[in-house]
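Peer 1: build me a model from this:
(4 chains)
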Number of protein chains: 4
Amino acid sequence: MIIVVKNGTPADEVTRISQELHNTWGVTVEKSVGQNKVVLGLIGETATLDPMQIQNNSPWIEQVLRIQKPFKRVSREFRHGEASEVVVPTPNGPVHIGEEHPVVLVAGPCSVENEEMIVETAKRVKAAGAKFLRGGAYKPRSSPYAFQGHGESALDLLAAAREATGLGIITELMDAADLPALARVADVIQIGARNMQNFSLLKKVGAQDKPVLIKRGMSATIDEWLMAAEYILAAGNPNVILCERGIRTFDSKYVRNTLDLSVIPVLRQLTHLPIMIDPSHGTGKSEYVTPMAMAALAAGADSLMIEVHPNPAKALSDGPQSLTPEKFDRLVQELSVLGKVVDRWSIPDQRSLVALGQV
Amino acid sequence: MIIVVKNGTPADEVTRISQELHNTWGVTVEKSVGQNKVVLGLIGETATLDPMQIQNNSPWIEQVLRIQKPFKRVSREFRHGEASEVVVPTPNGPVHIGEEHPVVLVAGPCSVENEEMIVETAKRVKAAGAKFLRGGAYKPRSSPYAFQGHGESALDLLAAAREATGLGIITELMDAADLPALARVADVIQIGARNMQNFSLLKKVGAQDKPVLIKRGMSATIDEWLMAAEYILAAGNPNVILCERGIRTFDSKYVRNTLDLSVIPVLRQLTHLPIMIDPSHGTGKSEYVTPMAMAALAAGADSLMIEVHPNPAKALSDGPQSLTPEKFDRLVQELSVLGKVVDRWSIPDQRSLVALGQV
Amino acid sequence: MIIVVKNGTPADEVTRISQELHNTWGVTVEKSVGQNKVVLGLIGETATLDPMQIQNNSPWIEQVLRIQKPFKRVSREFRHGEASEVVVPTPNGPVHIGEEHPVVLVAGPCSVENEEMIVETAKRVKAAGAKFLRGGAYKPRSSPYAFQGHGESALDLLAAAREATGLGIITELMDAADLPALARVADVIQIGARNMQNFSLLKKVGAQDKPVLIKRGMSATIDEWLMAAEYILAAGNPNVILCERGIRTFDSKYVRNTLDLSVIPVLRQLTHLPIMIDPSHGTGKSEYVTPMAMAALAAGADSLMIEVHPNPAKALSDGPQSLTPEKFDRLVQELSVLGKVVDRWSIPDQRSLVALGQV
Amino acid sequence: MIIVVKNGTPADEVTRISQELHNTWGVTVEKSVGQNKVVLGLIGETATLDPMQIQNNSPWIEQVLRIQKPFKRVSREFRHGEASEVVVPTPNGPVHIGEEHPVVLVAGPCSVENEEMIVETAKRVKAAGAKFLRGGAYKPRSSPYAFQGHGESALDLLAAAREATGLGIITELMDAADLPALARVADVIQIGARNMQNFSLLKKVGAQDKPVLIKRGMSATIDEWLMAAEYILAAGNPNVILCERGIRTFDSKYVRNTLDLSVIPVLRQLTHLPIMIDPSHGTGKSEYVTPMAMAALAAGADSLMIEVHPNPAKALSDGPQSLTPEKFDRLVQELSVLGKVVDRWSIPDQRSLVALGQV
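Peer 2: Below you'll find the model as predicted:
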């Protein structure tokens, strides 16, 4: 951490600041006197310091610049440069998500509507190659008058789909009070974009065992997103997956959000955590899902989350961005061609080949 | 609500859509056939319809345009064009917040640090003219390693400051589990920017009686903000105050956020709810607070929230944006000159004059 | 300027970098060795260095942090902390624009439509207290099919309005080829938001004598805006006025742009140049102009630019954001009440009082 | 185009509006009366109408909604759904850029520094498979003190590189005065992001014959970008290529811009024009160029523009985002593997294979 002191700061104020920082935070302070500026370098354990707190020490401080990253446990350095993998036990066996593994497909409807639709969808996406079923029991909706999800009863339907197919379940937690019920069904707990900085909720999913998928907030910086993940790791849960789902920009006429694929190489440098991309929310239109899923895979995504609904025109939420099972089959076909040449594709099992042949 | 149908849609598909919308939603559908487009107008109770749901009815639908506003209870029309006021009972008597009343000052530190500081600050801001003390017991911090607030024990200190001064208390709720304890002390419950779309929390503060202050999310559109307020009203609590605290834009080098003062006239047209402006978070630097507070008052704000700390350089959070009590006195002096000519100032009581004289 | 060197950089590479920077740029390099990082401080004339160029010196450089501001001639320090004023000679006498002077009103239509309308408008806004007439001869329009301005013939009409009223003329230059003709009529040359980084044009208006008004680009940072002004000063013309006209954010449903009033205190610290605010473009709706003009004055603006059209409903461009002359009269009345208490109002002359009486 | 009339508008005002629109613009107006709103549909040639002009017709008009796209000549419909191709004659033969052709690689340094570097770079990128050399003679720089390009003398160096390799030349035009000199050398004229709405310049490149590459403005909406291209087509030049180079968002800590790859499928639906992606400017860091170039190709880009410099550490501009020729060779290798499976790769000629073998 570097402190830039204002022009004209008295020398003994510089000494006082240095002394105080040393006493309060245990850091060593090295002074560099320039022609116009004095710069203080803080040496020691600065990763967990808040620049604001440092700035408060003196009105003579002009800027506090963090050189170290603000995050620690999620940083790539924390694992000495190695990627981590999240291994999720599912009825069909453990699924490995991470840089060294084939891309993992997550698919399913925005919200769980009824048993038939969720079980049917689960069977179809499994046949196509998905390892996880996604589906919302609790739905964050901008209008209080819109469908809010079927809640706890939808969790039972997800359990039925899990039993019927052996797929892992990913579903969103909105309220800590629902955590026990949800954790009984979910293999991965999703924190939605709107709750990315709901720090109470982050602490609670950090204090339990199930892996957590954390979606990037609509206008969250990379640092804020990683710090949200840091909350979970700091609370004791190391199994976190980062999911980009589009950010808010000045133009939403043709896409609902702007899918920021450059996070893939950026996160790869900064963190060891696995990276998932959601091109369905990321664009908001089903016809843009395939090109953006292809792009995500080409850029190195570890996992893709795709909305699939047996009848998008009748979906209770997010129909316009959902693929039909048939379109999802075709997407997987296209992905497989690409995935093979970039060496991120697993050998398809027999069932899936047969299923694809039947379509 | 208007539906634009794609070029070349078969006539019987248009008929089918119209029929289905009528059957499902009870709306009447009027068809307007143009040279290139067919447009359907939905007539009836459309304010609570979700355009997405409508779009789902047919792949032939190109666009669904909402003509009615998505919100209802918060809309100005809901009160036939009249402003609402939020009346908050405080030990010093009821405080009226709204368009027809003098501007209400809310002041205090970012977080409650200890009894002495909070009681001293309360006395100082009361003397200067504030009606409410703000102060955080629970603090949303982007880092898990930063000071998170003193929690429940800080609520007791707020209660002490309330007793000592008679000021109303405004403090933030982050976790529904803390609501009972917090509601015992708070006169107004604050929902922070990061929780603006924490819909579970909104429903819970909507289901209790204390007035709610809802801060605009960092990248929340006006519509999303009003819909968040609508959640609270729809749950039964009509006492909501909207607080602008700066939005996220492409430039944060000199200000932490971009304070969007144009929300004042915009909200005035759209909603009956009172409008508060927070220039402290809105700029992030104490030296910008006075000009932006003046601007907010000139533009018609109903209330101002100002961070005041007895010793900003030692504040545990947000020191750089806090005024000292002396600077707050001067700010109020400047505001009073302006407030009088725009007819939004109350006659100062004797104590405050004396106090100002002492500074 | 501070250089942060990557962990593990060999000591002789640090020496090499230091030597090379010294040889190439004449700066002295001071090394500060931390526990994890080596930091180099560059001492000397660094304001005109490009961080990118520095970064290029070695792959071992992690970050280059500018401590000095990138601008020089526009900086407040360049005038030792004093504000500059732009004095514009007009037929009615010199007009002083700057922090130490009363607020200067600029008013008129978006585009010059015909002689009668521009002369009538000029008379009306003069009577109300404006010192300058604005009006476009050349109009930047997003569509090639929209009205592009009457061009050179409109310049003659502005000259006629100038002669009839003695007001100064402010009009936009889009093409350097039009500069000679435009400079014959204009008292202040406007560079529009879309051309803020048209550096060829900036150099040309910097190489002539007329004062220049430079509007902030739609997504220009404060630094970029000041650097655009720096182009003009560096080319020899010190008479530059900065005009904020709203920035592009994620929400443009109710306002065309987001008027960023916090630039007023920010620019005051950074630069000596006068500051103008344009609430007409800044909001895009006539009903929001008055509150935002009031706010701008309260925050300390040196000048206001207001669109006024005798018949907004028939305007060839930007009608929805134009005030009628009657509404402009009322705006000036409101501004005068505020302007007097903040000591930024000039004593109205007799003619304007009479004119106001007639309305 | 649809007009929504305010509640309570008198019937004869609706009639008057309809009549006036018919008389002025020759459109037929169809009225649809709803429970709360009256909606008017304009039928006829509305693509070139300005919603603002329509709004001006009456204060009773609440909203004007464009149903037709604002652009015409660039729209996909204008070519009955077919893609256009831009065929550029180069010394090595015509190069076809478009949806039906192999991806075209454009490579070279940010700015032309001297003959040796530009000729060497040209040879290297040609050997790797590029069809065009990019290189700036005139450079838009945010600082007047930064290197501004070698100007006209650099054009001669580009001509030398063209002669030495037969590559086509793409270089940026900043000032219409330089057009004759630049057009003698350039095979494609580039309009930079900062000049995307320099309408004077657009008209001039529209009035000459050379193909034009138009980069998306930093905060340009898709519509604004397409309208900028429409200026060129409307002026007579149909040979336009659209180039995405990253947009400005709230986070630029790790990437200089946010590369918006979703424009690929969006533009494909809206326009017939070819699409180029520039991952070098789009990210600003050389290590992110390869993953984003791969993503762009996977998403369907017709062309890629890549910065290559023989010695990025010594580049006079944009070194940090430039690849070395060796890295560019490797990038092309990776792209070829992907390009072949998505059927967008041309059979490499013998020279390039030999050249790659030599690296």
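
Peer 1: near chain C, which residues of the stretch 1-150 of chain A?
Peer 2: A:2, A:4, A:28, A:30, A:32-37, A:39, A:41-44, A:63, A:65, A:67-68 (CB under 8 Å from any CB of the partner chain). Yep, even glycine has a C-beta here, placed from its N, CA and C like the rest.

Peer 1: please parse chain A into its domains.
Peer 2: With domains defined by the TED database, chain A comprises A:2-65, A:76-352.

Peer 1: low-confidence stretches in chain A?
Peer 2: A:34-36, A:48, A:347-359 (pLDDT under 70).

Peer 1: got the angle for the helix ranked longest in it vs helix D:325-341?
Peer 2: Identified as the longest helix of chain A according to DSSP state H is helix A:325-341. With axes from the mean of the first three to the mean of the last three CA atoms, to 10 degrees applied, the angle from helix A:325-341 to helix D:325-341 works out at 140 degrees.

Peer 1: need the contact partners of helix A:325-341.
Peer 2: A:102-103, A:105, A:107, A:121, A:124-125, A:128-129, A:286, A:289-290, A:293-294, A:297-298, A:304, A:306, A:308, A:310, A:323, A:345, A:348, A:356, A:359, D:298, D:337-338, D:341-342 (CB atoms under 8 Å, 6 or more residues apart in numbering or on different chains).

Peer 1: what about 7 Å?
Peer 2: Identification of contacts with helix A:325-341 by CB atoms under 7 Å, 6 or more residues apart in numbering or on different chains yields A:103, A:105, A:107, A:121, A:124-125, A:128-129, A:289-290, A:293-294, A:297-298, A:306, A:308, A:310, A:323, A:345, A:356, A:359, D:298, D:337-338, D:341.

Peer 1: which residues of chain A fall in helices?
Peer 2: A:11-25, A:51-55, A:115-128, A:152-165, A:179-185, A:199-206, A:222-234, A:263-270, A:279-283, A:286-299, A:325-341, A:350-358.

Peer 1: wait, which of those is closest to B:Phe147?
Peer 2: Of all the helices of chain A, it is helix A:51-55 that lies closest to B:Phe147, at 7.9 Å by CB to CB.

Peer 1: can the closest one be said to contact chain D?
Peer 2: No. Judged by CB under 7 Å from any CB of the partner chain, helix A:51-55 stays clear of chain D, getting no closer than 13.9 Å.

Peer 1: how many other residues sit next to the closest residue in space to A:Lys139 that isn't next to it in sequence?
Peer 2: Using CB to CB, 6 or more residues apart in numbering or on different chains and skipping the chain neighbours, the partner closest in space to A:Lys139 is A:Gly149 (3.7 Å). By the other CB atoms under 10 Å in any protein chain shown criterion, the neighbourhood of A:Gly149 contains 23 residues.

Peer 1: same thing with A:Pro89?
Peer 2: Neighbours of A:Pro89 (other CB under 10 Å): 11.

Peer 1: didn't A:Val27 look like it was pressed against A:Ile43?
Peer 2: Yes. If you go by CB atoms under 7 Å, A:Val27 and A:Ile43 touch, sitting 6.1 Å apart.

Peer 1: neighbour-wise, which of those two wins?
Peer 2: Remark: of A:Val27 and A:Ile43, A:Val27 carries more neighbours, 22 against 17, as counted by other CB under 10 Å.

Peer 1: give me every residue that touches the more buried one.
Peer 2: A:Leu21, A:Leu42, A:Ile43, A:Gly44, A:Thr46.

Peer 1: can you tell me which residues contact the nearest residue to the last one once chain neighbours are set aside?
Peer 2: Yep, that's A:Thr46 we're talking about. Computed as CB to CB, 6+ apart, the closest residue to A:Thr46 that is not its neighbour in sequence is A:Met1, at 4.4 Å. Residues in contact with A:Met1 (CB under 7 Å, 6+ apart) are A:Leu42, A:Thr46, A:Leu49, A:Ile54, A:Val64, A:Arg66, A:Ile67, A:Gln68.

Peer 1: most neighbours among the residues you listed, please name it.
Peer 2: A:Leu42 (25 neighbours).

Peer 1: skipping adjacent residues, who's closest to A:Pro109 in space?
Peer 2: Of all residues not flanking A:Pro109 in the chain, A:His309 sits nearest, at 4.5 Å (CB to CB, 6+ apart).

Peer 1: likewise A:Arg194?
Peer 2: Closest to A:Arg194 by CB to CB, 6+ apart is B:Gln197, at 3.9 Å.

Peer 1: how about the residues of the stretch 51-200 of chain A near chain B?
Peer 2: A:52, A:55-59, A:70, A:140, A:142-146, A:174-175, A:194-195, A:197-200.

Peer 1: let's see 6 Å
Peer 2: A:55-56, A:140, A:142-146, A:174-175, A:194, A:197-200 (CB under 6 Å from any CB of the partner chain).

Peer 1: which one (most neighbours) among these?
Peer 2: Most surrounded of those: other CB under 10 Å gives A:Asn198, at 29 neighbours.

Peer 1: show me what contacts A:Gly136?
Peer 2: A:Cys110, A:Ser111, A:Gly149, A:Glu172 (CB atoms under 6 Å, 6 or more residues apart in numbering or on different chains).

Peer 1: check contacts around the closest residue to it other than its chain neighbours.
Peer 2: Spatial nearest neighbour of A:Gly136, chain neighbours left out: A:Ser111 (4.2 Å); criterion: CB to CB, 6+ apart. Contacts for A:Ser111 were tallied using CB under 6 Å, 6+ apart; they are A:Gly136, A:Lys139, A:Gly149, A:Leu316, A:Ser317.

Peer 1: same thing but 8 Å
Peer 2: A:Gly135, A:Gly136, A:Ala137, A:Lys139, A:Phe147, A:Gly149, A:His150, A:Ala154, A:Ala315, A:Leu316, A:Ser317, A:Asp318.

Peer 1: count of neighbours near the last one?
Peer 2: In this case it means A:Asp318. 23.

Peer 1: quick check: closest non-adjacent residue to it.
Peer 2: A:Cys110 (3.7 Å).

Peer 1: what's the burial count for the one you found?
Peer 2: Count around A:Cys110 with other CB under 10 Å applied: 25.

Peer 1: likewise for the one 5 residues further on?
Peer 2: Using other CB under 10 Å as the criterion, A:Glu115 is surrounded by 16 other residues.

Peer 1: if I look at the nearest residue to it once chain neighbours are set aside, how far off is chain D?
Peer 2: Leaving aside its chain neighbours, A:Glu115 sits nearest to A:Leu157 (5.0 Å; criterion: CB to CB, 6+ apart). Distance, A:Leu157 to chain D, by CB to the nearest CB, to the nearest Å: 33 Å.
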